[in-house]
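[1] generate coordinates for the sequence data below:
(chains A and B)
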Amino acid sequence: MSEDGSSVNPWWYSGDDAEPADGTGESPEDRPEAGEGEETTVDWGELLSGAVRMVDWATSAVMAPHSEHADPAEHPQCIVCRGILLVSSQVPGSGGRAPSETVRRASSDIRWIPIVDDDGTA
Amino acid sequence: MSRLILLTGPGGAGTSTVARATLEAAREEGAAAELVDVAREAGAGAIDLATSTIGRLFGALGADGLPAQAWVALPEVRLLGALLRASDLMAEVDAVVVDAGPLTAAADLVQVPQSVERLLDAALTPTLAMWRSSDGDDVGFGALSDARRAIVRLRRILQGPDTSIRLVVPATLDGAAAARHGVSVFTVLGVAVEGIVLNRFPKGSEDWPRQVRREAESALDDLASAADGVPVWKSTSRVRAVPKGRSVLGPLGGLPGLSEAALAVAAAEESYAVELPLAARARATARVGVTPEALVVEYDGWYRWLELPAVLRRCEPLPARRRPAGLRLEFRPDPDVWMGGAAS
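    Next up is the predicted model:
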């Protein structure tokens, strides 16, 4: 439960004490199984509705809090920040781990050499 | 091997006239010779280049079709187009005479292959080599490699022993100064300068004001003593493309262009030394620098990149010394590199 009392669990997470998602109060074991020869149909409307609810949950529980995380390293509990840290540590030069000496290229700038006359004057 | 003779000089010095005289003299000697006028032929050469190499390159990268004429406005494409024309002609004749126009335009002409070569070197990365289309085809690397090969060929022709520049300047003190400047520019860029034509030199039999005659003689004296040994000859109302008694195809001597071969490394007690030959003007004002792979010489805004000998890549440069024939560069072994970092 979050601080404001609303659940942050995704819609598909039942937990130990959650009611079935359809709100009938019946457990899956109590439901009659489809009889032999009876076709199992896909309820596309239900699937679409589930997808919409998943996006809603991700937005409210993951993306909205993450939007205030300026430095991923300060929010190890945030799944998005953890992902960013994981990726950046794998890619040299991407802001995570420093590139190794073998990866770093030497500066290609020209180093001008001072010139002096044979008597030592510049 | 065919000769490539470039002629250049300040605007109005008579470069085109001497170029035509050079062409005629070569033909009179029995040589098959052709003239390439950069100003006139650069546009057509650019279209040839855009149709072939650039078109193929952009096609390989998946670009939309573009008329070849769209490239003509780019100066580098025009210059490369003119050089390709000249190099193609070299395969057919004994000598190609190039009217390269004003000094600055000619220096651009000479410099553009090495500049493009460096850009292509930077672009030809392992990442590009591994970049494949969904069909597994090479995307760009092969076409860029071919373009680089063509550019390197042009650069080698320009800096090779069969190419030289002849400077055409008016017989004035300003003309002499322009010639000395030109000797430094072109030798730094790696092209041999084998002659200076003092054009429109007042003939004794002609009615020239005394001041004009005196200045022309002063210009001749100036160049005889301070043109780094480059042959100087007078061209009067009778245009003379070459000193009397010499073949117009040369070689006439003069000053060779700066090359990697000049970077002979000598080991001293605790350092390595390189004598860098430079013409007088460059000796006085050129800068030298290093990158991890190259020795860079800059003179009056023109840059030459010479491959740094391997031993010097592990060294730190010491202050260079100005010597009568150029610069003496010294390099001290870098303990951080030679000792594998143990000394740091």
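[2] when you work out contacts or count neighbours from here on, use the C-alpha atoms and nothing else.
    Noted.
[3] give me the secondary structure label for the closest residue to chain A within chain B.
    Nearest to chain A in chain B, going by Cα to the nearest Cα, is residue B:289, at a distance of 3.9 Å. Counting by DSSP: H, G, I helix; E, B strand; the rest coil, the backbone at residue B:289 sits in strand.
[4] looking at it, it is touching residue B:299, isn't it?
    No. Using Cα atoms under 8 Å, residue B:289 is not in contact with residue B:299, being 11.7 Å away.
[5] settle it for me: which of the two has more neighbours?
    The neighbour count for residue B:289 versus residue B:299, taken as other Cα atoms under 10 Å in any protein chain shown, is higher for residue B:299 (21 against 18).
[6] tell me the confidence at the more buried one?
    At residue B:299, the pLDDT value in this model is 96.
[7] how far away is it from residue B:183?
    Using Cα to Cα, to the nearest Å, residue B:299 is found at 11 Å from residue B:183.
[8] likewise residue B:228?
    From residue B:228 over to residue B:183 the distance is 8 Å, taken as Cα to Cα.
[9] anything in contact with each of these two?
    Common neighbours of residue B:228 and residue B:183, using Cα atoms under 8 Å, 6 or more residues apart in numbering or on different chains, are residue B:279.
[10] between the two, who's got more neighbours?
    The neighbour comparison of residue B:228 against residue B:183 (other Cα under 10 Å) goes to residue B:183, with 33 against 18.
[11] list the buried residues of the helix or strand that one falls within.
    Taking DSSP states H and E as the definition, residue B:183 sits inside helix B:173-188. For helix B:173-188, burial by neighbour count (16 or more other Cα atoms under 10 Å in any protein chain shown) applies to B:173, B:175-188.
[12] got a pLDDT number for residue 9?
    You didn't pick a chain, so chain A it is. Reported pLDDT for residue A:9: 67.
[13] right idea, wrong chain: chain B
    96.
[14] how close does the closest residue in space to residue B:197 that isn't next to it in sequence get to residue B:259?
    Using Cα to Cα, 6 or more residues apart in numbering or on different chains and skipping residues adjacent in sequence, the residue nearest residue B:197 is residue B:168, 4.7 Å away. To residue B:259, residue B:168 is 24 Å away according to Cα to Cα.
[15] mean pLDDT per helix and strand in chain A: which one sits at the bottom?
    Least confident helix or strand, chain A: helix A:79-90 with a mean of 65, by mean pLDDT, DSSP states H and E.
[16] residues making contact with the helix or strand just after that helix?
    Going down the chain from helix A:79-90, the next helix or strand is strand A:111-113, by DSSP H and E. For strand A:111-113, contacts defined as Cα under 8 Å, 6+ apart pick out B:287, B:288, B:289, B:290, B:291, B:317, B:318, B:319, B:320.
[17] of the residues you listed - the most surrounded one?
    Ranked by neighbour count (other Cα under 10 Å), the contacts of strand A:111-113 have residue B:320 at the top, with 25 neighbours.
[18] pretty sure that residue is in a strand, no?
    Yes. Under three-state DSSP, residue B:320 sits within a strand.
[19] what about the helix or strand harbouring residue B:274, near chain A?
    Per DSSP H and E, residue B:274 falls inside strand B:272-277. No. If you take Cα under 8 Å from any Cα of the partner chain as the test, strand B:272-277 misses chain A, and the best it gets is 12.5 Å.
[20] more neighbours, residue B:168 and residue B:259?
    Comparing residue B:168 with residue B:259 by neighbour count (other Cα under 10 Å), the higher total belongs to residue B:168, at 35 against 20.
[21] just how off-centre is the one helix or strand that one maps to within its chain?
    Here residue B:168, judged by DSSP H and E, is contained in strand B:163-170. Relative to the centre of its chain, strand B:163-170 is centred 12 Å away, using Cα atoms, centre = their mean, to the nearest Å.
[22] helix or strand right after the helix holding residue B:183?
    Taking DSSP H and E, what comes next after helix B:173-188 is strand B:192-199.
[23] just checking, what packs against the next helix or strand after that following strand?
    Tracing the chain C-terminally past strand B:192-199 and defining elements by DSSP H and E, one meets helix B:210-226 next. Packing partners of helix B:210-226 (3 or more Cα pairs under 8 Å, 6 or more residues apart in numbering or on different chains; DSSP states H and E): helix B:173-188, strand B:232-235.
[24] and the contacts of strand A:111-113 as CSV, adding pLDDT?
    Listed next are the contacts of strand A:111-113 as CSV, based on pLDDT from 0 to 100:
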residue, pLDDT
B:287, 96
B:288, 96
B:289, 96
B:290, 94
B:291, 92
B:317, 94
B:318, 95
B:319, 95
B:320, 95
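[25] could I get the average pLDDT for the longest helix along chain B?
    The longest helix of chain B (DSSP state H) is helix B:103-123. Mean pLDDT, helix B:103-123: 92.
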